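1. Show me how the following folds:
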Amino acid sequence: MDDRAQQETEPTFDADADERARVAAGDPRLWPVGLIELVPPDPTWAARFEAEAARLREALGSAAVRIEHFGSTSIPGIAAKPYIDVQLIVASFEPFEAYASPLRRLGYVFRPDDEPEHRFFKRGVRGVRLVQIHVVEEGSWWGRKDLDFRDAMRADPEAARRYERLKRELAARYPDDVDAYADAKTEFVREALRAAKARVQEAGR
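-> Alright, predicted model coming up:
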C-alpha cells in the first residue's frame, strides 16, 4: 500500500481535541493498563447504560445507527469489570469525525489499536474509567458476535454463572495480563455461541 492509500484508509483525529478530552477525563493515559478488577453485580449498571445512551443519541444524531449495551455489565447477576461497555453501530467508519467529534465533546478519548474491525473510545473521571465505546460498522461480524454472546448469557442464567466462575478463575490466574485473560475466555464464548445457534436451529424445525 502506498503512502497516499494508507492515509486514505487510516482514521484521522484532532490531537488537540483529544488532549482536551484527556484533561477533562483526568488523563486516561494514567488509567491502569492490564489490571483486571471484577466487582459484584450492580443493579444500577443497566440504568447507567441507558443514561449514557441517551447522551450519546443526542450528541451523535443520525451518525448512530444503534447503541447497545454489551459485556458483563449487560448480563444480569454476574461480576464484571466496573465500567460500562457500549457498542456504537455506525453505517461506515468513514467519515471518522462524524462520530469522533461528538464523542470528544462528551469527554471520550480515541484509543488507536491494531484491530481493524472497530474503533475504541474511553471516558473517565479523575483517572477512573467509566465507559468504553466500541464503534462497529452495521452488519459486521465483530459487532454481531458480542451481542449474540450477550443474548446467549441473558437467555441461560446457568451458563452466565459458569461464565462468571471462569472469569473469577482467570482474573486470579492473570491479574495483570488482560490479553491472556481475554484469550482464555475465547473457547467458552465460542461454545456458548455454537450452543445458542443450535438452539435456534432446533426451535426452527
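2. And residue 153, how close does it get to residue 194?
-> Using CB to CB, to the nearest Å, residue 153 is found at 14 Å from residue 194. Placement of C-beta: from N, CA and C, glycine included.
3. Could you check which of these two is surrounded by more residues?
-> residue 153 (24 against 11; other CB atoms under 10 Å).
4. residues contacting that one?
-> 75, 78, 159-160, 163, 192 (CB atoms under 8 Å, 6 or more residues apart in numbering).
5. per-residue pLDDT, it?
-> With respect to pLDDT, residue 153 has a value of 97.
6. Then residue 160?
-> Predicted confidence (pLDDT) at residue 160: the value is 98.
7. Tell me the bridge partners for residue 119.
-> residue 135 (DSSP bridges).
8. how about the strands of the chain, start to end?
-> Along the chain, counting by DSSP state E, strands occupy 66-70, 84-90, 109-110, 119-125, 128-137.
9. could those be laid out in TSV, adding mean pLDDT, mean neighbour count and distance to residue 180?
-> As requested, the strands of the chain are exported to TSV (pLDDT from 0 to 100; neighbours: other CB atoms under 10 Å; distance: least, CB to CB, whole Å):
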stretch	mean pLDDT	mean neighbour count	distance to residue 180
strand 66-70	99	18	22
strand 84-90	98	22	19
strand 109-110	94	22	25
strand 119-125	91	20	19
strand 128-137	91	20	19
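10. what would those strands look like in TSV with distance to residue 47?
-> Below are those laid out as TSV (distance: least, CB to CB, whole Å):
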stretch	distance to residue 47
strand 66-70	11
strand 84-90	10
strand 109-110	24
strand 119-125	17
strand 128-137	13
